[in-house]
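Engineer: Predicted structure and sequence below. I'll ask about it afterward.
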Amino acid sequence: MTKTSFERLSLPRRRVLQGFASGLAVTVLGMPRISRAAGSITVSNWGGDWNDRTVKFVEKPLLEDKGFTVVRDIGMETERKAKLIAEKRIRRSSIDVIHLNSSDAFEMRRQDAVATLDASKIPNLRDVVAGLNSDYFVPWLYSGVVIIYNKDKVKEPPKSYAELWDRKWAGRVGLTNQLYFNYMMMAGLVKTGKMTEVEAGQAMLATLSETVQPKIYATHQQMAAGLTNGEVDIVINYKARGLQWAASGLPLAIQYPTEGAIGIVFGACMAQFSTNPQGAYTYLNEMLDPSAMAGLAEASFYAPANAKASLSDTLRKTVDFSDSERASMHFPDYGYVADNTSQWLEWWNKNVARG
């Protein structure tokens with residue numbers, strides 16, 4: 001795809017990743033005005049500060065404080081998705097809502113593990129940025145892969161992905177294994193103008209590895225450390241990550257690539273065999289509450305999927321994207337990615353990864 005705008009995204013496709021931590025159940029006494037038909041809502045989510053923000057801005061004020069019981073099933077994608085798929089066999093899911101990115105949501109839809117949604121039961125969907133949602137995925141936060149640089153050391157940063165191949169950046173660029181698939185699509189985009197030409201992108205990445213010798217970090221956190229200690233001056237990562245690191249005190253600035261950034265969307269789905277679809281619909285709607293979205297944007301620096309999120313003009317300008325940036329943003333063909341990601345990871349590990 002040479003120019004996939006948000007209007008083209010109905011959440012096609014991508015892949016399965018990562019590890020799992022033990023679940024944590026949290027119960028709150030019900031309030032009389034809440035129908036007990038709502039019952040408890042079991043939510044599968046990442047842990048750490050991601051879950052902390054989910055609790056702070058959504059689950060506690062909009063659900064628990066109103067009498068709902070939230071049971072939290074905390075872990076990483078691979079095991080959470082595997083559990084969801086396994087429970088299809090008994091046609092009864094132990095969870096109601098699962099937090100995923102758009103790619104993994106497509107994968108779960110292809111596995112028939114998440115439900116088709118009735119948009120009339122999620123009123124806040126009407127205010128979602130055009131094209132972000134689909135009939136099985138409620139978008140929540142989004143960002144794009146951009147060029148993040150140390151503004152004290154890089155006075156004329158690369159303005160495009162293509163400029164990263166300039167030899168003058170040798171030894172100054174950082175990549176992370178966690179975004180290997182994005183880098184392959186980025187390189188394919190530079191070479192052919194398409195996101196579905198990863199083979200051409202692999203050849204481009206091999207050239208980058210030889211001429212620019214980027215430092216490869218295992219995680220986002222290690223990449224941030226590399227920026228902090230001066231190992232690298234330029235990294236390719238989500239805009240939200242760059243803003244988080246800048247807020248922590250690093251002298252960083254963001255350059256939106258002229259080719260258009262590769263987009264990422266985070267949100268949630270309802271399990272195909274949820275035992276409490278009523279509660280799941282309530283949860284999915286409250287995720288998009290304008291005030292909750294504003295708090296999340298300020299805390300995480302991800303752009304809110306709800307276009308009516310009550311952000312200040314300053315905050316919106318900081319975390320969101322302009323109309324022209326949104327129009328030029330590229331979203332992967334997730335089916336293409338899902339069909340090829342295992343081979344891509346093997347290639348990356350053999351030819352690029354060193355972190």
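Structural biologist: On my side now, so go ahead. Numbering: from 1, shown residues only.
Engineer: wait, is Arg109 part of a helix?
Structural biologist: Yes - assessed by DSSP: H, G, I helix; E, B strand; the rest coil, Arg109 belongs to a helix.
Engineer: So what's the residue count around it?
Structural biologist: 22 (other C-beta atoms under 10 Å). Where C-beta positions appear, they are placed from N, C-alpha and C, glycine not excepted.
Engineer: and if you look at the one 10 residues further on?
Structural biologist: Residue neighbour count, defined by other C-beta under 10 Å, stands at 12 for Ala119.
Engineer: pLDDT score assigned to it?
Structural biologist: For Ala119, the pLDDT comes out at 96.
Engineer: And it, how close does it get to Phe331?
Structural biologist: 20 Å (C-beta to C-beta, to the nearest Å).
Engineer: Do you have the strands of the stretch 201-350 of the chain handy? List them.
Structural biologist: 215-217, 234-238, 252-255, 262-270, 303-304 (DSSP state E, counting those that start in this stretch).
Engineer: which stretches of this protein form helices?
Structural biologist: 48-54, 77-86, 102-110, 180-192, 198-211, 220-228, 239-247, 277-287, 290-300, 313-319, 323-328, 334-351 (DSSP state H).
Engineer: for those, which one ends up most surrounded?
Structural biologist: With neighbours taken as mean count of other C-beta atoms under 10 Å, those reach their highest mean count in helix 102-110, at a mean of 25.
Engineer: Could you name the helices and strands sitting against that one?
Structural biologist: For helix 102-110, the packing partners by 3 or more C-beta pairs under 8 Å, 6 or more residues apart in numbering; DSSP states H and E come out as helix 77-86, strand 262-270, helix 334-351.
Engineer: tell me how far it is from the chain's mean position?
Structural biologist: Relative to its chain's centre, helix 102-110 lies at 13 Å (C-alpha atoms, centre = their mean, to the nearest Å).
Engineer: Tabulate the CA atom coordinates of that helix in PDB.
Structural biologist: The C-alpha atoms that make up helix 102-110 are tabulated as PDB, following Å, rounded to 0.1, in the frame of the first residue of the first chain:
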ATOM      1  CA  SER A 102      -5.000  -3.600  15.800                       C
ATOM      2  CA  SER A 103      -2.800  -6.200  14.200                       C
ATOM      3  CA  ASP A 104      -3.400  -8.800  17.000                       C
ATOM      4  CA  ALA A 105      -7.100  -7.900  16.900                       C
ATOM      5  CA  PHE A 106      -7.100  -8.900  13.300                       C
ATOM      6  CA  GLU A 107      -5.300 -12.200  14.100                       C
ATOM      7  CA  MET A 108      -7.900 -13.000  16.800                       C
ATOM      8  CA  ARG A 109     -10.700 -12.200  14.300                       C
ATOM      9  CA  ARG A 110      -9.200 -14.500  11.800                       C
END
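Engineer: Just give the number of residues close to Gly171.
Structural biologist: 11.
Engineer: For Glu59, give me its contacts.
Structural biologist: By C-beta atoms under 8 Å, 6 or more residues apart in numbering, Glu59 lies in contact with 43, 70.
Engineer: Could you report the separation of it from Trp46?
Structural biologist: 14 Å.
Engineer: just so I know, which of the strands of the stretch 201-350 of the chain lies nearest Val146?
Structural biologist: Counting by C-beta to C-beta, Val146 lies closest to strand 252-255 out of the strands of the stretch 201-350 of the chain; the figure is 5.4 Å.
Engineer: Let me know which of the strands of the stretch 201-350 of the chain is tucked in deepest.
Structural biologist: Most buried of those by mean neighbour count (mean count of other C-beta under 10 Å) is strand 303-304; its value is a mean of 27.
Engineer: List the contacts of that one.
Structural biologist: Residues outside strand 303-304 that contact it (C-beta under 8 Å, 6+ apart): 140-143, 240, 293-294, 296-297, 311, 319-321.
Engineer: Tell me the one of those residues nearest Lys159?
Structural biologist: Nearest to Lys159 among those, with distances taken as C-beta to C-beta, is Phe321, at 16.1 Å.
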